[in-house]
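Undergrad: Output the structure for:
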Amino acid sequence: MTTANRIKLSVMMFLEFFIWGAWFVTLGTFLGKNLHASGTQISLAYLTQSIGAIIAPFIIGLIADRFFSAQKILGVLHLAGAVLLWTASRASGFDAFFPWILVYMVLFMPTLALVNSVSFRQMTDPGKQFPSVRVLGTIGWIIAGLTIGWLNWEQNNQLELTFGMASVASAILGLFSFTLPSAPPVKRGEKTSVADVLGLDAIGLLANRSYLLFFVASVAICIPLAFYYNFTNLFLNEAGMKSAAGVQSLGQVSETLFMLLIPVFFVRLGVKKMLAIGMLAWVLRYVFFAFGNADANYWMLILGIVLHGVCYDFFFVTGQIYTDNLAGERFKSAAQGMITLATYGVGMLIGSLVAGPVVDLYAQGGSHDWRSVWLIPAAIAAFVLLLFILLFKDRNHVNKQAAVLPGESREIDPLI
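TA: Residues are numbered from 1 along each chain as shown. This next block holds a predicted model:
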């Protein structure tokens with residue numbers, strides 16, 4: 001990978017996650033305070049992410065792998081997204097806001113797979129090269145949170161400005177995408193089947209028992225993750241934390257550190273241990289939130305936030321690399337879309353449907369019984385972790401074969 005391409009891919013990652021972090025972290029607080037939404041309505045807004053993630057594999061499989069270059073699709077989606085975010089910022093109530101954010105997330109979620117696909121297509125050794133590029137995305141998320149905190153948009157009840165900021169960044173990335181290194185479709189002109197059109201090329205990966213268990217675990221662990229994404233900012237503001245969005249960026253600082261260490265951990269620990277450590281961190285994070293407060297146990301809130309780096313990197317980034325290694329050259333885009341479907345799609349959708357009613361159940365006037373709320377995702381994460389440790393089989397040798405084609409059922413070493 002050339003230096004010029006590395007810089008372009010890093011800028012792409014920075015803008016991609018700056019856009020997301022600019023409005024997504026404080027969405028719950030914006031809806032609750034500005035638009036007076038209920039917990040269920042807040043979860044419904046976050047559920048749009050899941051709808052977009054479920055549609056993503058079909059968009060990727062139909063377009064990016066077959067008809068148009070991935071970087072051009074990325075540009076078009078972000079230019080359209082800029083208009084939608086700007087319009088959403090002008091909404092006066094939840095009913096007016098929801099349709100715009102729904103359409104936006106249907107367009108945005110495929111871009112998460114597209115930036116990975118564009119990156120992987122330029123790399124000769126993704127296990128070593130991807131983390132140093134992807135870490136710029138984490139830095140972008142940090143800068144977004146620090147900007148919100150520095151400008152006091154939470155305290156001044158001006159969170160609608162976060163959507164305007166994200167809109168401008170989306171327009172910039174939309175234009176910049178057309179300068180990215182080419183990631184042309186790898187199956188242009190090939191005979192098309194129904195499975196091809198629906199983006200199901202990578203479904204053959206599930207014939208690998210180890211990967212199937214990872215896929216199921218990805219869905220299950222994202223159920224408690226929905227609690228974190230949907231309600232952490234609202235929880236911290238109710239707990240009395242000042243500049244909560246800025247403080248939450250400590251999670252991305254932690255994510256940056258562990259991202260850079262992933263190549264070392266990946267070789268020394270292997271896939272199973274890394275995924276298990278990530279899930280254990282989820283359990284601990286929710287326990288710290290349950291018993292933390294802005295007074296004597298403030299350190300628990302901070303530690304719960306900092307654990308985000310372990311949660312995200314050890315599970316999501318490891319899973320993306322694992323998926324890319326197994327997919328092979330022909331199915332990289334479809335495979336990344338499929339794992340997006342499992343995590344941000346099905347898992348987060350179920351989680352959002354669960355989290356909203358739980359938060360409403362423990363509503364107490366203008367606040368909530370957050371201890372009872374956080375112990376529920378802690379229990380779910382602990383259960384998933386236990387099943388994963390018992391069922392996922394890790395072998396000690398490395399099989400050099402790196403791809404499973406549709407219809408094949410051979411076992412592939414999860415250490416690859």
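Undergrad: for the stretch 1-150 of the chain, what spans make up the helices?
TA: For the stretch 1-150 of the chain, helices defined by DSSP state H, counting those that start in this stretch occupy the ranges 3-24, 27-29, 39-59, 70-88, 94-120, 126-150.
Undergrad: between the ones you listed, which one is nearest to residue 159?
TA: helix 27-29 (6.4 Å; C-beta to C-beta). Where C-beta positions appear, they are placed from N, C-alpha and C, glycine not excepted.
Undergrad: mind showing which ranges of the stretch 151-300 of the chain have poor pLDDT?
TA: For the stretch 151-300 of the chain, the stretches flagged by pLDDT under 70 are 185-201.
Undergrad: ranges for the helices of it?
TA: Per DSSP H, counting those that start in this stretch, the stretch 151-300 of the chain carries helices over the ranges 160-176, 194-197, 209-238, 244-248, 250-291, 298-306.
Undergrad: Could you provide those in JSON lines, with additional columns for mean neighbour count?
TA: Converted to JSON lines, the helices of the stretch 151-300 of the chain look like this (neighbours: other C-beta atoms under 10 Å):
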{"stretch": "helix 160-176", "mean neighbour count": "20"}
{"stretch": "helix 194-197", "mean neighbour count": "13"}
{"stretch": "helix 209-238", "mean neighbour count": "23"}
{"stretch": "helix 244-248", "mean neighbour count": "23"}
{"stretch": "helix 250-291", "mean neighbour count": "20"}
{"stretch": "helix 298-306", "mean neighbour count": "18"}
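Undergrad: would you list these in TSV and tack on distance to residue 19?
TA: Converted to TSV, the helices of the stretch 151-300 of the chain look like this (distance: least, C-beta to C-beta, whole Å):
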stretch	distance to residue 19
helix 160-176	5
helix 194-197	29
helix 209-238	16
helix 244-248	15
helix 250-291	14
helix 298-306	21
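Undergrad: my guess is residue 133 contacts residue 13, does it?
TA: Yes. With contact defined as C-beta atoms under 8 Å, residue 133 counts as touching residue 13 (5.9 Å).
Undergrad: and the most centrally placed residue in the chain, which of the three is it?
TA: The residue lying closest to the centre of the chain (C-alpha atoms, centre = their mean) is residue 344, at 6.2 Å. Of the three states, residue 344 takes helix under DSSP: H, G, I helix; E, B strand; the rest coil.
Undergrad: who touches it in this structure?
TA: Contacts for residue 344 (C-beta atoms under 8 Å, 6 or more residues apart in numbering) come out as 49-50, 52-53, 109, 112, 222.
Undergrad: and the residue lying closest to residue 48 once chain neighbours are set aside, how many residues sit next to it?
TA: Once flanking residues are discounted, residue 48 sits nearest to residue 105: 4.1 Å by C-beta to C-beta, 6 or more residues apart in numbering. Residue 105: 25 surrounding residues under other C-beta atoms under 10 Å.
Undergrad: got the contact list for residue 105?
TA: Contacts here follow C-beta under 8 Å, 6+ apart; on that basis residue 105 touches 48-49, 51-52.
Undergrad: between those residues, which has the most around it?
TA: residue 49 (28 neighbours).
Undergrad: is it true that that residue touches residue 109?
TA: Yes. Contact criterion C-beta under 8 Å: residue 49 and residue 109 qualify, at 6.4 Å.
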